[in-house]
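> missing the sequence, but the structure's below:
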């Protein structure tokens, strides 16, 4: 869907044109247009805030005054897709997508950490708030791990309207690539964020997470959050609700596919329904 911001230098009458890119259409191709004069917030820096803790974030978007910050209390809900209306001057902003976490948060240091040699040290578990501030920027984070540890590194950026198309690697202490992830897939949907899941540490030592934009772009909107944790068994459920046909007062069958992750082997129960597949 298109999003347009324009500053009118002179008053007058103007024309707003909307069409399908292929000039197609029918009675069911409905749309809604919202026009407003207030600033529009796309995302924030940092991108993730601690649950139930005071937070201060820089607002990023269109028609926002320079160095505009919002201060608020982090909500109790811990989720990767929470939308909040943030204080914006004397009013409130449009709903803004934030990550709310109970992980210990690490902020990216201001000094350069683009190589294995000058990587910023982090501990496991942690959530890393960072930004690729300029073109060509690469951010590296070094950590200690033991042989046999199983670790998961997940980047949240584009899913929260960041401009990053992330490229994620795990390197050894000499800079040799051990794992790489560009795009991730959840069910049948692909995303431009990256995920390295259930990686097994080959030997005791230091390792490095390297993160960059796949096209080496950067700027104020290139914010990210890296969730870096020991891997835990879990499951995902995908329901084919488009195959469910219901009439008023009737019941139907919902087909559900269970995907077991990281060694999860238990039963999955919900509202008296049991899935073993």
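Good, I have the coordinates. The shown structure was predicted, so the numbers you read here are calculated from the model rather than taken from an experiment. Residues are numbered from 1 along each chain as shown.
> out of everything not next to it in sequence, what's closest to the residue positioned nearest the centre of the chain?
By CA atoms, centre = their mean, the chain has its centre lying nearest to residue 156, at 2.4 Å. Distance criterion CB to CB, 6 or more residues apart in numbering; nearest residue to residue 156, sequence neighbours excluded, is residue 225 at 4.6 Å. C-beta: built from backbone N, CA, C; applies to glycine.
> Who are the contact partners of that neighbour?
Contacts here follow CB atoms under 8 Å, 6 or more residues apart in numbering; on that basis residue 225 touches 46-48, 99, 127-130, 155-157, 160.
> Residue 262 now?
Residues in contact with residue 262 (CB under 8 Å, 6+ apart) are 150, 152, 197-198, 231-234.
> Buried by neighbour count, from these: which ones?
By neighbour count, with 16 or more other CB atoms under 10 Å, these hold 152, 231 as buried.
> Name the nearest of the contacts of residue 262 relative to residue 115.
Checking the contacts of residue 262 against residue 115 with CB to CB, the nearest one is residue 152 at 24.1 Å.
> Go ahead and report the secondary structure state at that closest one.
strand (DSSP: H, G, I helix; E, B strand; the rest coil).
> repeat for residue 21
coil.
> where's it relative to residue 167, distance?
With distances taken as CB to CB, to the nearest Å, residue 21 is found 29 Å from residue 167.
> now residue 236
With CB to CB as the criterion, residue 236 and residue 167 are 24 Å apart.
> Settle it for me: which of the two has more neighbours?
residue 167 (20 against 13; other CB atoms under 10 Å).
> The more buried one: what's it in contact with?
Counting by CB under 8 Å, 6+ apart, residue 167 has contacts 180-182, 194, 211-214.
> Give the burial count for the closest residue in space to it that isn't next to it in sequence, as a bare number.
Using CB to CB, 6+ apart and skipping residues adjacent in sequence, the residue nearest residue 167 is residue 214, 4.3 Å away. Residue 214: 14 surrounding residues under other CB under 10 Å.
> before we move on, what about residue 30?
Per other CB under 10 Å, the neighbour tally for residue 30 reads 5.
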